[in-house]
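> The sequence and its predicted three-dimensional model are supplied below.
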Amino acid sequence: MWELVKAGGWPMLPLIVLALVALAIILERLWTLRRVEVMPPRLGEEVRNWATRGELDPAHIESLRRNSPLGTLLAAALDVRHRPRPLIRERVEDTGRHLVFRMERFLSALGTIASAGPLLGLLGTVVGMIQMFLGILDHGLGDVNQLAGGIGKALVCTATGMIVAVPALIFHRYFRSRIAGYVIEMEEQATALLDALETRGTAVPAQLAAARAAAAASPAPAPAPSSD
């Protein structure tokens, strides 16, 4: 391995740095974007049960906000639950944009590495070819070792650039696709919570109206008999 690095020359150094950075980003995003961390199972159902039972005190909402990205989104909806539905949806959308930005952290760098890897490999190819032609200019075509060294440097740098770029590009697309799927599922959970809040909001006035109607329909108590 070290011989290949030496054969590639100095253009191999930035390629190795990019490979290490890409590996660190991939491992960090694989850990951070786990489903159990982004969308804990049954969290949406639990929050809807809170809304149905009226257990929406500030302590519950604050613990929900610190739970996960899904919890942050649902807590944002609960913060403005007494406002009209369009305003709640606007708050949810604003919070969702911030969450997407957080989940896409380092993905721009990973995409840059996927684009820069082949370019650095091409740079190494050009450097190797220049070295080869300079060797031919100084020593003629008789020095086979100089010619082979220039070609080897070009090929090693090109291959290394591809090795760095291909996994970076694959994981960049994979993470973007996973985040898009999470966004769709979080929107569904937020919509279900809004429906639960609306159902509870309409159920309470209905219960009050039924109680008033029952009170009005109950017969008035008979007057007490006169003592005369």
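Thanks, I have the structure now.

> In contact with Arg85, which residues?
Applying Cβ atoms under 8 Å, 6 or more residues apart in numbering, we find Arg85 in contact with 194, 198. Every residue, glycine included, has its C-beta placed from N, CA and C.

> I misspoke; the intended subject was Thr125.
With Cβ under 8 Å, 6+ apart, Thr125 has these contacts: 154-155, 157-158.

> run the last query once more with 7 Å
154, 157-158 (Cβ atoms under 7 Å, 6 or more residues apart in numbering).

> Among the residues you listed, which lie within helices?
154, 157-158 (DSSP state H).

> Which of the residues you listed ranks first by neighbour count?
Cys157 (26 neighbours; other Cβ atoms under 10 Å).

> Can you tell me the closest non-neighbouring residue to it?
Closest residue to Cys157 apart from its sequence neighbours, by Cβ to Cβ, 6 or more residues apart in numbering: Gly124 at 2.3 Å.

> mind checking how far Arg34 is from His172?
18 Å (Cβ to Cβ, to the nearest Å).

> Compare these two (neighbour count), which wins?
When Arg34 and His172 are compared for neighbours, His172 comes out ahead with 24 against 11, by other Cβ under 10 Å.

> Name the helix or strand for the more buried one, please.
With elements taken from DSSP states H and E, the one containing His172 is helix 144-217.

> Trp31 too?
Trp31 belongs to helix 12-32, assigned by DSSP H and E.
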